[in-house]
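*Asks:* Have a look at this prediction, sequence included:
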Amino acid sequence: MLKRIGFTRNDLILVAALLVFAAFGAWRGVNIGVSSAVAEKVIIRVNGEVLTELPLDEDRELGVTGYDGGFNVVTITNREVYIREADCPDLLCVKHAPASERGELIVCLPHRIAVELE
Ligand SMILES: [Zn+2]
């Protein structure tokens, strides 16, 4: 179901961007000096309906079919969740920084997919 494609230059750019975001997140955490509410599970919704709930402490990757038939690849790794890949036009979901705190939300509006941390 989940089609694997090769490691492209775009993937490398994405990984670099994610590392920068992760570093920034760590810096921000230290800067504020407050331990944030760590999330325990990932709730994936499609068009408002819960598709699945996954524990945040189990690394896995899930292909999610959106409302309009588009796809998103939701990746859970290292107690963080992010959308690794999607075929939506804006790719805002893919550009979103990895989320790890309770209440954080990553959405793909074109596909009506919401990844929420709880
Ligand atoms: Zn998207």
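*Replies:* Arrived safely, thanks for sending.
*Asks:* what's the span of stretch 38-56 from first residue to last?
*Replies:* Distance between the two ends of stretch 38-56: 10 Å, counting by Cα to Cα, to the nearest Å.
*Asks:* Need the pLDDT of the closest residue to I44 other than its chain neighbours.
*Replies:* Distance criterion Cβ to Cβ, 6 or more residues apart in numbering; nearest residue to I44, sequence neighbours excluded, is L51 at 4.8 Å. (Each C-beta comes from the backbone N, C-alpha and C, glycine too.) Note on L51: pLDDT of 97.
*Asks:* And for the one 5 residues further on?
*Replies:* According to the prediction, L56 has pLDDT 97.
*Asks:* now I5
*Replies:* Predicted confidence (pLDDT) for I5: 60.
*Asks:* ditto for L2
*Replies:* On the pLDDT scale, L2 is placed at 56.
*Asks:* related to what we said a few turns ago, show me what the helix or strand harbouring the residue nearest to I44 packs onto, helices and strands only.
*Replies:* Using DSSP states H and E, the element containing L51 is strand 49-55. Counting contacts by 3 or more Cβ pairs under 8 Å, 6 or more residues apart in numbering; DSSP states H and E, strand 49-55 packs against strand 41-46, strand 60-65.
*Asks:* let's see it at 10 Å
*Replies:* If you count contacts as 3 or more Cβ pairs under 10 Å, 6 or more residues apart in numbering; DSSP states H and E, strand 49-55 packs onto strand 41-46, strand 60-65, strand 71-77, strand 113-117.
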